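In: what shape does this take:
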Amino acid sequence: MERKTISISNKRQITIPQRYYEQLGFEGEAECFLRGSELIIRPVTRQGGGEFAEQILADLVAQGYSGDELLQRFKAEQRKVRPAVERLIAEADELAAQEGQGTSYDDLFGMED
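Out: Below you'll find the model as predicted:
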């Protein structure tokens, strides 16, 4: 693992070393989150829920949407995927952080249909 010490300004700002910036493909934004006692900073990925695109489209077509209306509805539904996944991850993190309590698969993800 490569390590580099960086400075933090009075305004809590940091500069990502150019080598890391380029190697990781940063652009205009970064996302950061806490994992234990670590601060993780990584490029924002713009997949936009592509892994769910086929299911979203199939559902919208089944609802009778087509043409421009289908495209507009698809974009709106696709924007909902990332926040929903982030909420699920946050809920799972909260459950995992509860000390002294066992958490089952069903507690984390609900009962299978």
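
In: does Lys4 belong to a helix, a strand or coil?
Out: coil (DSSP: H, G, I helix; E, B strand; the rest coil).

In: could you do Leu34 as well?
Out: Leu34 is classified as strand under three-state DSSP.

In: okay, and the beta partners of it?
Out: Leu39 (DSSP bridges).

In: any idea how many residues pack against it?
Out: 9 (other CB atoms under 10 Å). (Each C-beta comes from the backbone N, C-alpha and C, glycine too.)

In: show me the shaky parts of the protein.
Out: Scanning the chain for pLDDT under 70 picks out the ranges 46-51, 99-108, 111-113.

In: domain ranges for the chain, per the record?
Out: 7-45, 47-113 (automatic domain parsing).

In: list the buried residues of the first one.
Out: Residues of domain 7-45 classed as buried under the neighbour-count rule (16 or more other CB atoms under 10 Å) are Phe26.

In: what's the span of it, first residue to last?
Out: Its start and end residues considered, domain 7-45 measures 26 Å (CA to CA, to the nearest Å).

In: which strand or helix spans the residue located most distally from the centre of the chain?
Out: Distance from the C-alpha centroid of the chain, by CA atoms, centre = their mean, peaks at Gly64 (30.0 Å). Using DSSP states H and E, Gly64 falls within no helix or strand.

In: show me the contacts for it.
Out: With contacts taken as CB atoms under 8 Å, 6 or more residues apart in numbering, Gly64 has no neighbouring residues.
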